[in-house]
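**Student:** Mind looking at a prediction? Sequence and model below.
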Amino acid sequence: MRAATLLLSLITVGLCGCQSLEGYPRPLESREEALSLVRDDIQPAAVNAYASIAAEAQSGSRDQRLTAKRDQIVRARLYAIDVNYDDFVRGLTGQQKTFAIGADLVSAGLTGAATLAKSATTKTHLTTYASAALGVRSTVDKELFYSKTLPAVVTQMDASRKTVLAKITEGLAQSNAAYPLTAALADLQDYYTAGTLNGALNQISKDAGVKNAAAQQRIVNATTVKYATDSGHKSLFGYWAPNGVINKDHETILLACVPVQNGATATIDDLDRIINDGTPEAAQQRAIVAACVKTRDASFS
């Protein structure tokens with residue numbers, strides 16, 4: 001019982017003593033204070049005011065007021081989403097660090113107490129509790145906080161939010177007629193979703209799927225044999241093997257016409273590649289071979 005009480009006391013001290021280690025400076029205002037700055041413009045009443053302007057008779061001033069009201073509402077909601085997102089990420093990373101350090105302090109305290117304890121039973125209990133504290137930390141770190149993947153998830157959330165923000169910014173540069181509030185609200189919902197863990201994980205999965213498909217296609221392109229079907233292939237192959245039987249005299253002429261480098265001797269493999277490959281390089285070489293064969297055998301066509 002004493003060991004359990006000591007464990008709880010150490011946990012409390014460890015966790016409470018690490019609140020300043022969340023890795024963020026103190027914001028200028030609390031979340032509630034920050035949201036109060038734009039509260040009027042994020043309420044349904046603001047959208048109703050926009051709708052009232054839209055119901056007025058068509059005029060230049062009406063369009064200007066609609067655009068101004070749209071911008072006011074959208075920018076207020078962007079700010080509110082940013083405030084909540086900052087609070088969310090601050091809490092997410094802070095909880096991970098606080099729990100990890102607190103668990104380490106608990107384990108260290110219990111291990112030290114076990115060293116000083118005189119009773120063998122107490123030593124065993126304290127050592128067991130120290131191992132349990134580290135085990136709990138490992139489980140929470142891996143399952144709840146994604147271990148080392150958490151920074152990657154936050155990075156993905158930031159990137160996804162910027163992508164949607166760029167779309168919203170481009171929309172606000174247009175008139176209300178081109179980018180009405182309804183379209184902006186839909187994009188704002190995407191902006192919010194981009195800053196969630198589920199949204200980030202879905203995007204990571206989607207990106208991985210796209211990259212996997214692209215890589216697979218590159219593998220297919222590299223490993224799939226492309227056979228020639230052009231007229232050059234048909235003429236040269238028909239000359240090499242009329243009626244499906246190789247003509248050795250024609251083969252000798254073809255080999256003599258195969259372009260080679262540094263005085264090397266052309267091989268049957270070289271000839272087969274040039275005649276049958278479907279690559280652009282082989283097509284160019286077929287044209288060279290065909291022109292050469294014509295000068296050596298007038299019957300070639």
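**Tutor:** Nice, thanks for sending it over.
**Student:** Please point out which parts of the host helix or strand of Gly199 sit buried.
**Tutor:** If you go by DSSP states H and E, Gly199 is part of helix 197-223. For helix 197-223, a neighbour-count test (16 or more other C-beta atoms under 10 Å) marks Gly199, Ala200, Gln203, Ile204 as buried. Yep, even glycine has a C-beta here, placed from its N, CA and C like the rest.
**Student:** Output the below-cut-off pLDDT ranges for the stretch 101-250 of the chain.
**Tutor:** 101-148, 221, 224-225 (pLDDT under 70).
**Student:** mind listing the helices for it?
**Tutor:** 120-143, 150-172, 181-194, 197-223, 231-240, 248-257 (DSSP state H, counting those that start in this stretch).
**Student:** Leu66: which of the ones you listed is closest?
**Tutor:** helix 181-194 (8.1 Å; C-beta to C-beta).
**Student:** ok, and for the closest one, which residues are buried?
**Tutor:** Under 16+ other C-beta under 10 Å, the buried positions of helix 181-194 are Leu181, Ala183, Ala184, Asp187, Leu188, Asp190, Tyr191, Tyr192, Thr193, Ala194.
**Student:** That helix packs against which elements?
**Tutor:** When contacts are defined as 3 or more C-beta pairs under 8 Å, 6 or more residues apart in numbering; DSSP states H and E, helix 181-194 packs onto helix 44-54, helix 60-116, helix 150-172, helix 197-223.
**Student:** Could you export the helices of the stretch 101-250 of the chain as TSV, including distance to Ser36?
**Tutor:** Shown next, in TSV, are those (distance: least, C-beta to C-beta, whole Å):
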stretch	distance to Ser36
helix 120-143	34
helix 150-172	23
helix 181-194	20
helix 197-223	27
helix 231-240	77
helix 248-257	86
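**Student:** Nearest to Asp71 among these would be which one?
**Tutor:** helix 150-172 (5.7 Å).
**Student:** With just CA atoms, put the closest one into CSV.
**Tutor:** Taking Å, rounded to 0.1, in the frame of the first residue of the first chain, the C-alpha atoms of helix 150-172 are listed here in CSV:
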residue,chain,number,x,y,z
LEU,A,150,3.1,12.3,-34.3
PRO,A,151,5.4,15.0,-35.7
ALA,A,152,4.8,13.6,-39.2
VAL,A,153,1.0,13.7,-38.6
VAL,A,154,1.2,17.4,-37.4
THR,A,155,3.3,18.2,-40.5
GLN,A,156,0.7,16.6,-42.7
MET,A,157,-2.1,18.6,-41.0
ASP,A,158,-0.1,21.8,-41.5
ALA,A,159,0.4,21.0,-45.2
SER,A,160,-3.2,20.1,-45.8
ARG,A,161,-4.4,23.2,-44.1
LYS,A,162,-2.2,25.4,-46.2
THR,A,163,-3.5,23.7,-49.4
VAL,A,164,-7.1,24.5,-48.5
LEU,A,165,-6.1,28.0,-47.2
ALA,A,166,-4.6,28.8,-50.6
LYS,A,167,-7.9,27.9,-52.2
ILE,A,168,-9.8,30.1,-49.8
THR,A,169,-7.4,33.0,-50.3
GLU,A,170,-7.8,32.7,-54.1
GLY,A,171,-11.6,32.7,-53.6
LEU,A,172,-11.6,35.8,-51.5
